[in-house]
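**Student:** structure for this input, please:
(3 chains)
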Amino acid sequence: MNAIIMLVVVLLPILAGIPIPVLPFKNRKQLMCYVEGVTILTSVLVLVMLLNRPTDSLVLFQFTEEMILEFHLDGLGMVFAGMVAVLWPLAILYSFEYMKHEKHEEVFFMFYTITYGITLGVALSGDIVTMYVFFEMLSLVTLPLIMHTLTREAIHASRTYFYYMIGGAACAFMGMIFVLNYGGSAFVMGGTLDLAKAGENVNLLLVGYVMCFCGFGVKTAMWPCSSWLPKAGVAPTPVTALLHAVAVVKTGAFATMRVTYYTFGTEFLKGTWAQEFLMILIIFTIVYGCSRGVKETHLKRRLAWSTVSNLSYILFGVILMTPAGLVGALSHMIFHAAMKICLFFCAGAVIYKTGRNYVYELDGFGRKMPCVFTCFTLSGLALMGLPGMCGFISKWNLAQAAVESGTVLSYVGIVALLISALLTALYIMPVSVRAFFPGKGFDYEKISDVEDPNWMICVPLVLLVIVIFYFGLHSQPIIDAFAAVASGM
Amino acid sequence: MAFVQNLPFICILLSLFTGPLSSILSGKMTKKLNLVMITAVGIMSAMVLAFTVKSGEAYTYMMGHFPAPWGNEIRVGVLEALLATVFSVIMLLCIVGGSKEREEELESTKQNLYYIMANLLFCSLLALIYTNDIFTAYVFVEINTISACGLIMIRQNGRTIEASMRYMIMSLLGSGLLLLGICFLYDLTGHLLMSNIKEQVQILAATGEYQIPLLVCITLMTVGLAIKSALYPFHTWLPDAYGYSTMSSSAILSSLVSKGYIILLIKIYYRVIGIDVIRASKITNVLFVFGLVGMVMGSVNAIKENNIRRMIAYSSVAQIGYIYMGLGLGSEIGVIASVFHILSHAASKALLFVAASGITRASGKNKDFASLTGAGFRNRLAGIAFTIGSLSMVGFPTFAGFISKFWFAQAAFENANHTKTMLALIVLIISTVLNALYFMKTVIRIYTPAPALAKEKNYQNITVRGQAPKSFAMICFVAMNFMLGMCSDPIMKLIQSGLEMFG
Amino acid sequence: MGIWILLPIILPIVTGMYLLISSFLKHLKSTESELKTADGSLKPVVLLTLIVSVAAAFYASWTGDKSITLFYLMKDIPICFKVDAVAALFVTVVSIVWLLVGFYAFPYMSHEGEEKRYFGFYLVVYGVLMGLNFSGNLVTLYLFYELMTVTSMPMVLHNGSREAIMAALKYLFYSMCGAYMALFGIFVLNKYCDTLAFVAGGSLNTVLAQGNETIILIAVMAMLIGFGVKAGMLPLHAWLPAAHPVAPAPASAVLSSIIVKGGVLAIVRVVYYVVGADVIRGTWVQYAWLILSLLTVFMGSMLAYREPVFKKRLAYSTVSQVSYILFGLAVLTPAGITGALLHVVFHAFIKCTLFLTAGIFIFQCGKSRVDELEGIGKCMPKTLWCYTFAALALIGIPPASGFISKWYLAQGAFDSQIGILGWGGIVVLLLSALLTAGYLLPITMKGFFTEKKTEELEFEKGEPPMAMLMPLMILAFLAMILGVLPSGMIDYAAQIAATIL
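**Tutor:** Sure, this is the predicted structure:
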């Protein structure tokens, strides 16, 4: 297929999204159809593109001699683009119902759609400079989304968000300079470093790698840069769900994969102090995120801390620096997206319908909102790693990769994963139990206003649960696809 | 000798004479004359640039009929022509952008005084760029100082007078040190023309005589020019000067005046002392350290500010720190990066000042942040321009600041001393974050809608057409920024070839 | 013919889910008064399901070896079921108890309320337990183990009181903790064993394992402690005394007699069918296991002795008794295994009887504390006689069944080469037997022989209805008869022991 489709796929949402505030929509329904139409069209194009993969690169623009903007689709990009393309239309559908109560919808959907294009741009980046440029643009274009509600909290959260993002990007930029000087900028499995050129500067290169990883890792909320994610929970749920469970944070994980496997190269990095240092940070984040989640009583913030922890599962797989590790990371990237979006959507449904934000206000809701809370319980069980659902599969793959590595730190990592699973049970299960079994003598009259939301919210929930079960029981094909990617497709 | 080669001299003369000429004309005429003159100079400089690029070498031009080494000379190369062109464009846009402010803030009798000062300033700037004689450089440095003071002081209120006093004192101190250095140099070498001085210095360096005096010379001249260009810790005059004068003055001062001194410094390093001697004297390390400190402290002070103009002024301190850091890295790439940053900062900073004035206009002329809330919706173009300027400062890709940051990082990287590399990179990161802290905070603030406030204080909305000259200036600056950000390669090449010819 | 394995798993789960959903929908739609009317169709549906499933389970277990692979969860990891001697043993015990307690539960739950929900979960747990027992590999076992926790938790919190919810959550978290510890072991063993399927004697790959003994031993220890949580072994036993008493009596009965055996089954499978006994023989893992189980035996008995609430006393007794079984497994000798497997069966019947009795006391007379039971023998002699037989069996007095199992346990300890721990074990067993007598017999004594006159007694009713008494008597009978005619069972258990050691 012609490489131009890559440009089309990226530009279509951006160009279609920019005019939304000025287009003459007669009513809300027209706006909905337009936005959903653009999104579905883009997703269809993406899927067509994945099926007929264009093999050439597409050079867009040249900043300087060394910095070229180009698109290229390889296996890893396909996985990420595919995930984004499948989840975005679901999220738009959900947000229509949700945003009914919020104001300034046109501006919201404008930025939401543009973000889609830019995320695809990251997925399709052919070299590290392009990825960096789209990375920075992603930070900028998601800023208004967080700020949307314009409360004091939201503004504060968006400021914190942006500072962290800029700091991370600056760090990554420095690491990128290392790459540009000591190797090539393109993404090649196994890395592009010219070790002869590096000579004795191995430690300097490792420092560059750590800077790059930590810089991109800020987007994945790796400790110590985790606090922006729960703060950003103040944004409307479609934003938190899609961006902070899928687009923004997984972009960071995607970038670390690129940096580790396709730029610096695992041969060079394996066994070095850089790997151990980062592994310790990641393992700490896994446990830290979950512990904060247990203590948190605000539902969305609790799920945000859970995301912090789960993202480090993905990073753990990445930092193992083996093909099996990459497979584990990719599987958790996809499966966690499904589980976490479902959880956030459930939380959002509760907030939207009842205005309750805190976990102690949800007693007895299970009987009144059965669809929402059943989906919540099932996704929660999946997140905990119950076999039969996709969370178990990704945990299994990560653990297998860690056992294969056999180092002490990787075993500590497995223990951290399991501790985190237990803590996940601690912060998910009480919510479900109290919702379904509020105790003898609970007065259901108190919550007579609570009821299930309409189909636009429930359908995405059910679809996601089906996906969770499907991948839990029939994961082999997709795992094989990941294995193909990991071996250099 | 082609006619084109006369053009630099004509430029200087033209701007010099337009000054006194303006004093006899009325306000409106002087403005038109001014604009026409700058435009003419700009076009002429562009022609010179084309010429020098084509010929591939620099030439010296005799002033009067006295040959070297007794007469005066100017030297024209790619770098000088480029700088002259860019500076004229920026000057033009600054004057255009600030015209409404001048009409409002200055007394009518002082209007043409303003243009006189501006012309003199412009003339001295051109002279500094082109001159090949060190004493001439000193003379024009003084003219520059006085006209800059005039520009600050022309808006008469207590603050500006105090600011210009402070500026005058600090500047004269700097000039004094510069003069001392020049005297020593004359004593050591017996020449005033730069190329001749260089020959003598090379001989001295080779023989090893007069090492300490030479070092003292270099130090005096460096410190003198550093004071004048607001290197930390000699920056204290800057925030007041830029913060309280009229908008076009701040823009001109921050974009052009301080850069003129830095260019003179580079010239001294390359053409007077010789870059090898400079590197051997390790003064670059000192510049490096002060540059780093300036980068951080400038931003730290900016964060504390509540007045938008002063905040942007402190940002200038930080950016000048960048330039000195680049110089301090000691390599050729470092100097190239610094020169590029001079251009990119000139464009961005002027843009920020113009946009800031647009924003403050839409907030009842108040400069504090509380009043500015929601200004981005009241003056849409200024809001967008301010955002672009901020993003450029932070180093966002596709803007000029990104390219500067890239080249600085590259220069740091190629330094053999790894400590310097790591320090430079780390401080670059910290500085980016600090820049984001105050610039993005402001951007978010101006885009936080506050309709109640606007109604209460009766702030007016300002349309694009309603501030036509300013809109024109902003759009041009934004275009410059994009151009520098996206098509920087040709400019880098120009700078590189210019530097080769510079020495 | 694998369908006979699947039927007892799927049928109860499906029926149970149907009951649960219809109960939920009924709550959604109807008013308070409508809810009170009992559903007449409940009893036949439940009993029919149970009988059919039990019959299928027996058929599957006792007619030749069968296996079935459902599907492949991941590459090389199938969800599969297999019938072998151990599975048959566990299935039989579970089915008998489940059926009998099912009959018992009808009159009992009519006094508790929410029968549909209870029986829904009851059936689902039965199906899951069948799945657990029939598991053919470690991952299938883990799947059903986790499901067992999740589905038995609602039985614990049935009565909805705050205490029950807290106890249920505690149960959940302890079990999850244990399950995750076991999962760690599974991850490690997946690499070092040839297959995770159950092979008698284990399938550790000695070539791969060389040099990595430490991590393998750590993994096995983690699995022992993890699965031991369900079995109430130190150090993670604290959920048991909280959860078992607070559940309704039939639920407590099955929790204490059957569900704890789920943990035992898992340990048997891990030690003897995946890793192999020789891997841990003589290592620190075996010693730690022995010490932990002995400590639990002693501690459980001590705490039972001092506990005034009857059901809680029985719960502590479970803690103690199940660790007898674990001790027998830990000595790694044929006699020990035989004793352990025998005790699995016997303890199930015995403990069930004891809990059913406690339930009868609460149901008929509302008495839950031991000191309130004085003279109860005058009101319900048959009940108390059943209790006494079971108690004697538990203490280990011949010819009751408990004696046989304890004999083999002691024999096993004696045979093994663990030196002083073996002797220590025997001493602890004896001490615990004494304590058992101390906490079980006084109820019999005070129940039958009291100085109070009949009129002073405060018990309202007499013997319970037949539906509750019949199961009780059958179980007590089994507890005794298996002691009198044990040879069939002993041979069966010994055969299993021979294949796996």
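**Student:** and the residue of the stretch 1-150 of chain C nearest chain B?
**Tutor:** C:Met74 (42.1 Å; C-beta to the nearest C-beta). Every C-beta, even on glycine, is put in place using the N, C-alpha and C of the backbone.
**Student:** which strand residues bridge that residue?
**Tutor:** Beta-bridge pairing for C:Met74 (DSSP bridges): C:Ile77.
**Student:** how about it, what does it touch?
**Tutor:** Taking C-beta atoms under 8 Å, 6 or more residues apart in numbering or on different chains as the contact definition, C:Met74 lies against A:Ile393, A:Trp396, A:Ser475, A:Gln476, A:Ile479.
**Student:** burial of the residue nearest to the first one when sequence neighbours are not counted, as a residue count?
**Tutor:** The spatially closest residue to A:Ile393, leaving aside those adjacent along the chain, is A:Ser475, at 4.5 Å (C-beta to C-beta, 6 or more residues apart in numbering or on different chains). If you count neighbours by other C-beta atoms under 10 Å in any protein chain shown, A:Ser475 ends up with 24.
**Student:** next one: A:Ser475 from A:Pro13, what distance?
**Tutor:** 30 Å (C-beta to C-beta, to the nearest Å).
**Student:** C:Val139 now?
**Tutor:** Counting by C-beta to C-beta, the gap from C:Val139 to A:Pro13 is 42 Å.
**Student:** before we move on, what about B:Val89?
**Tutor:** Separation of B:Val89 from A:Pro13 (C-beta to C-beta) stands at 37 Å.
**Student:** between those two, who's got more neighbours?
**Tutor:** Just comparing B:Val89 and A:Pro13: by other C-beta under 10 Å the higher neighbour count belongs to A:Pro13, 26 against 21.
**Student:** nearest residue to that one in space, please, no chain neighbours.
**Tutor:** Computed as C-beta to C-beta, 6+ apart, the closest residue to A:Pro13 that is not its neighbour in sequence is A:Gly117, at 3.7 Å.
**Student:** what's the answer for A:Lys270, then?
**Tutor:** A:Met321 (4.8 Å).
**Student:** contacting residues for that neighbour?
**Tutor:** Going by C-beta under 8 Å, 6+ apart, A:Met321 touches A:Thr260, A:Tyr261, A:Thr266, A:Leu269, A:Lys270, A:Gln275.
**Student:** next, the distance between the ends of stretch B:435-454.
**Tutor:** This stretch, stretch B:435-454, spans 28 Å end to end (C-alpha to C-alpha, to the nearest Å).
**Student:** that one and chain A in contact?
**Tutor:** Yes - counting by C-beta under 8 Å from any C-beta of the partner chain, chain A has neighbours in stretch B:435-454: B:Ala436, B:Leu437, B:Met440, B:Lys441, B:Ile444, B:Tyr447, B:Thr448, B:Pro449.
**Student:** can you pull the buried residues of whichever strand or helix holds the third one?
**Tutor:** With elements taken from DSSP states H and E, the one containing B:Met440 is helix B:418-446. Judged by neighbour count using 16 or more other C-beta atoms under 10 Å in any protein chain shown, the buried positions of helix B:418-446 are B:420-421, B:423-425, B:427-446.
**Student:** helix or strand right after that helix?
**Tutor:** Where DSSP H and E defines the elements, the next helix or strand beyond helix B:418-446 is helix B:451-457.
**Student:** what's the next helix or strand after that following helix packed up against?
**Tutor:** Following helix B:451-457 in sequence order, the next helix or strand is helix B:468-486 (DSSP H and E). Here helix B:468-486 touches helix B:78-97, helix B:99-105, helix B:332-361, helix B:380-394, helix B:400-413, going by 3 or more C-beta pairs under 8 Å, 6 or more residues apart in numbering or on different chains; DSSP states H and E.
**Student:** mean pLDDT lowest for which of those?
**Tutor:** Lowest mean pLDDT within these: helix B:99-105, a mean of 80.
**Student:** contacts for that one next, please.
**Tutor:** B:Lys31, B:Gln111, B:Tyr114, B:Arg155, B:Thr246, B:Met247, B:Ser248, B:Ser357, B:Gln467, B:Pro469, B:Lys470.
**Student:** after it, which helix or strand is next?
**Tutor:** Following helix B:99-105 in sequence, per DSSP H and E, is helix B:111-130.
**Student:** what residues of that following helix count as buried?
**Tutor:** Neighbour counts over helix B:111-130 (16+ other C-beta under 10 Å) mark B:111-130 as buried.
**Student:** same deal with stretch A:361-377?
**Tutor:** So stretch A:361-377, judged by 16+ other C-beta under 10 Å, has buried residues A:362-377.
**Student:** check stretch A:343-361 too.
**Tutor:** By 16+ other C-beta under 10 Å, the buried positions in stretch A:343-361 come out as A:343-354, A:356-357, A:359.
**Student:** how about the residues of the stretch 51-200 of chain A near chain B?
**Tutor:** Residues of the stretch 51-200 of chain A lying close to chain B (C-beta under 8 Å from any C-beta) are A:61-65, A:67, A:132-133, A:136-137, A:140, A:143-144, A:147, A:150, A:155, A:158-159, A:162-163, A:166-167, A:169-171, A:173-174, A:177-178, A:180-181.
**Student:** would JSON lines of the contacts of C:Met74 with pLDDT and secondary structure be doable?
**Tutor:** Below are these laid out as JSON lines (pLDDT from 0 to 100; DSSP: H, G, I helix; E, B strand; the rest coil):
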{"residue": "A:Ile393", "pLDDT": "93", "secondary structure": "helix"}
{"residue": "A:Trp396", "pLDDT": "93", "secondary structure": "helix"}
{"residue": "A:Ser475", "pLDDT": "87", "secondary structure": "coil"}
{"residue": "A:Gln476", "pLDDT": "88", "secondary structure": "helix"}
{"residue": "A:Ile479", "pLDDT": "91", "secondary structure": "helix"}
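**Student:** got a list of what residue 95 touches?
**Tutor:** All of this is about chain A. A:Ser95 makes contact with A:Phe109, A:Tyr112, A:Pro236, A:Pro238, according to C-beta under 8 Å, 6+ apart.
**Student:** wait, chain C was what I had in mind.
**Tutor:** With C-beta under 8 Å, 6+ apart, C:Ser95 has these contacts: C:Pro8, C:Ser53, C:Val54, C:Ala57, C:Phe58.
**Student:** surely the last one touches C:Ile96?
**Tutor:** Okay, so that is C:Phe58. No - contact between C:Phe58 and C:Ile96 fails when scored by C-beta atoms under 8 Å: they sit 9.6 Å apart.
**Student:** re the thing from before, of the contacts of A:Met321, grab the buried ones for ChimeraX.
**Tutor:** Buried residues among these (16+ other C-beta under 10 Å), as a ChimeraX selection:
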select /A:260,261,266,269,275
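**Student:** of the contacts of A:Met321, just say which sits nearest to chain B.
**Tutor:** A:Leu269 (19.5 Å).
**Student:** helix or strand for B:Val296, which one?
**Tutor:** Using DSSP H and E, B:Val296 falls within helix B:283-304.
**Student:** next one: A:Phe61
**Tutor:** A:Phe61 belongs to strand A:58-62, assigned by DSSP H and E.
**Student:** just checking, what packs against that strand?
**Tutor:** helix A:4-17, strand A:68-71.
**Student:** contact partners of the shortest one?
**Tutor:** Taking C-beta under 8 Å, 6+ apart as the criterion, the residues outside strand A:68-71 that touch it are A:3, A:6-7, A:10, A:57-63, A:121, A:124-127, A:129-130, A:133, A:185.
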